[in-house]
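Visitor: How does the following fold in three dimensions:
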Amino acid sequence: MIIDAHVHLWDRQNGLVNGKPVYSVGNGKSRFGDEVRQMMPPYMTDGSNRAEVLFSNMDYAGVDACVVTQEQIDGNQDAYLAASAIQYPERMRVTCLYEEGEACRTRLTPSYLDSFHGIKICAGRLSDPDLTHHAWVFEMAHRCGKFISIDLAPGDIQTGSLGELAHSFPDLKIAIGHFGMVNRPHWHSQIRLARFANVYVESGGITWLFHREFYPYSSAVRAILEAGEICSFDKLMWGSDYPRTMTAITYRMSLDFVAQSKEIAQSDKEKFLGTNAAGFYGLHVPSAPPRILNMVDD
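Guide: Numbers count the residues shown, from 1 in each chain. Just a heads-up that it's a prediction; the model follows:
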């Protein structure tokens with residue numbers, strides 16, 4: 001089983017970055033604050049990033065299931081993700097978006113959370129970075145049996161407060177994204193949090209962080225091995241950060257730099273690429289359709 005633990009979807013992008021709008025301008029490009037960025041591959045022409053295209057990519061690459069996380073730069077996609085989870089119940093886990101303020105506290109009721117498997121916290125974008133001041137959402141996730149997907153600020157700014165919460169809610173599953181902001185100073189402090197029994201780390205965004213090196217991302221492979229020494233491969237999961245990373249590489253390449261690596265043991269690849277995520281997210285799905293030979297295959 002191969003599971004992608006970090007993908008993004010949206011029906012219409014309507015987010016913010018540093019208080020400025022993010023929205024599609026067509027052909028995969030988005031207004032991103034004061035500039036235009038290629039947010040998606042150019043063949044995603046209408047600005048939408050829907051599940052049908054994701055699953056076409058997954059089937060081609062042999063990926064069995066995925067976990068849809070969220071980002072504030074895309075805007076709140078709760079309604080679209082809840083509907084997508086109904087359409088693809090076996091192959092998808094979805095999150096709702098945590099946002100600071102009383103409106104979110106009012107919205108995230110147990111009945112609202114019934115439509116989601118987890119809650120996403122963009123911790124690095126919080127105006128109040130002390131996660132203990134957001135403890136109520138961790139308590140709510142724990143009470144409702146949901147997981148927390150969290151992208152921390154680079155380094156060790158938030159590791160202490162997340163450690164406190166992991167200790168306070170030992171049965172709450174917490175997945176740290178972006179591989180702990182690997183290649184930023186003090187990234188090991190985020191990886192060490194996975195020594196808590198309920199904390200895992202997923203690699204969504206790792207090809208972005210090493211994009212200047214490009215495929216096959218030898219430094220990223222070494223970082224994965226290093227993290228395995230810190231917290232063991234039992235606590236690490238693969239993620240692609242689809243579709244933003246697909247502006248530089250193909251979806252298959254985001255998987256193959258690990259799957260084809262000669263440095264990572266086969267048993268560790270199996271844990272990293274699927275087994276760990278299957279247990280963490282409770283995914284037990286039939287295998288993806290068999291891969292079809294493409295036109296350049298012999």
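
Visitor: Mind jotting down where the helices sit in this structure?
Guide: Listed in chain order, the helices found in the chain under DSSP state H are 51-61, 78-87, 102-107, 110-113, 135-144, 159-168, 188-192, 206-209, 218-231, 251-259, 266-270, 276-281.

Visitor: mean confidence for stretch 163-177?
Guide: Per-residue confidence for stretch 163-177 averages out to 98 on the pLDDT scale.

Visitor: Next, the buried residues of stretch 58-73.
Guide: If you call a residue buried by 16 or more other CB atoms under 10 Å, then stretch 58-73 has these buried ones: 58-61, 63-73. Every C-beta, even on glycine, is put in place using the N, C-alpha and C of the backbone.

Visitor: out of those residues, which are inside strands?
Guide: Assignment to strands by DSSP state E places the following of the buried residues of stretch 58-73 there: 65-68.

Visitor: about what we covered before: I'd like the helices of the chain written out as JSON lines, with distance to residue 151 added.
Guide: Formatted as JSON lines, the helices of the chain follow (distance: least, CB to CB, whole Å):
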{"stretch": "helix 51-61", "distance to residue 151": "19"}
{"stretch": "helix 78-87", "distance to residue 151": "17"}
{"stretch": "helix 102-107", "distance to residue 151": "17"}
{"stretch": "helix 110-113", "distance to residue 151": "20"}
{"stretch": "helix 135-144", "distance to residue 151": "14"}
{"stretch": "helix 159-168", "distance to residue 151": "11"}
{"stretch": "helix 188-192", "distance to residue 151": "10"}
{"stretch": "helix 206-209", "distance to residue 151": "12"}
{"stretch": "helix 218-231", "distance to residue 151": "16"}
{"stretch": "helix 251-259", "distance to residue 151": "17"}
{"stretch": "helix 266-270", "distance to residue 151": "24"}
{"stretch": "helix 276-281", "distance to residue 151": "16"}
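
Visitor: Look at residue 239 and say how many residues are nearby.
Guide: Residue 239 sits with 28 neighbouring residues when counted by other CB atoms under 10 Å.

Visitor: which ones are touching it?
Guide: For residue 239, the residues meeting the contact criterion (CB atoms under 8 Å, 6 or more residues apart in numbering) are 4-7, 67, 177, 202-206.

Visitor: Output those in CSV, with distance to residue 125 appended to each entry.
Guide: Listed next are these as CSV, based on distance: CB to CB, whole Å:
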residue, distance to residue 125
4, 23
5, 20
6, 16
7, 19
67, 20
177, 12
202, 18
203, 20
204, 16
205, 14
206, 19
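
Visitor: so which pair among these is furthest apart in space?
Guide: The largest distance within the contacts of residue 239, taken as CB to CB, falls between 67 and 206 and amounts to 15.4 Å.

Visitor: which two in the ones in strands among the buried residues of stretch 58-73 are spaced the farthest apart?
Guide: In terms of CB to CB, these reach their longest pairwise distance at 65 and 68, which sit 10.6 Å apart.

Visitor: joint contacts of the two?
Guide: Shared between the contact lists of residue 65 and residue 68 (criterion: CB under 8 Å, 6+ apart) are residues 92-93.

Visitor: Tell me how far residue 121 lies from residue 133.
Guide: Computed as CB to CB, to the nearest Å, the residue 121 to residue 133 distance reads 12 Å.

Visitor: neighbour-wise, which of those two wins?
Guide: With neighbours defined as other CB under 10 Å, residue 121 and residue 133 compare such that residue 121 has more, 27 against 11.

Visitor: Please determine how far the residue nearest the centre of the chain is located from residue 69.
Guide: For the chain, the residue nearest the mean C-alpha position is residue 6 (2.5 Å; CA atoms, centre = their mean). In this structure, residue 6 and residue 69 are 6 Å apart, going by CB to CB.

Visitor: What is the burial count for residue 276?
Guide: Neighbours of residue 276 using other CB under 10 Å come to 22.

Visitor: who's in contact with residue 188?
Guide: Contacts of residue 188 were listed using CB under 8 Å, 6+ apart, and they are 180, 230.

Visitor: what about 10 Å?
Guide: Contacts for residue 188 were tallied using CB atoms under 10 Å, 6 or more residues apart in numbering; they are 155-156, 159, 180, 182, 223, 226-227, 230-231.

Visitor: any idea which of the residues you listed is closest to residue 84?
Guide: Lowest distance from residue 84 to the contacts of residue 188 (CB to CB) belongs to residue 180, with 27.9 Å.

Visitor: which ones are touching the spatially closest residue to that closest one that is not a sequence neighbour?
Guide: In this structure, residue 180 finds its nearest non-sequential neighbour in residue 190, 3.1 Å apart by CB to CB, 6 or more residues apart in numbering. When the contact criterion is CB under 10 Å, 6+ apart, the partners of residue 190 are 150, 152-156, 158-159, 162, 176-182, 184, 199, 201, 227, 230.
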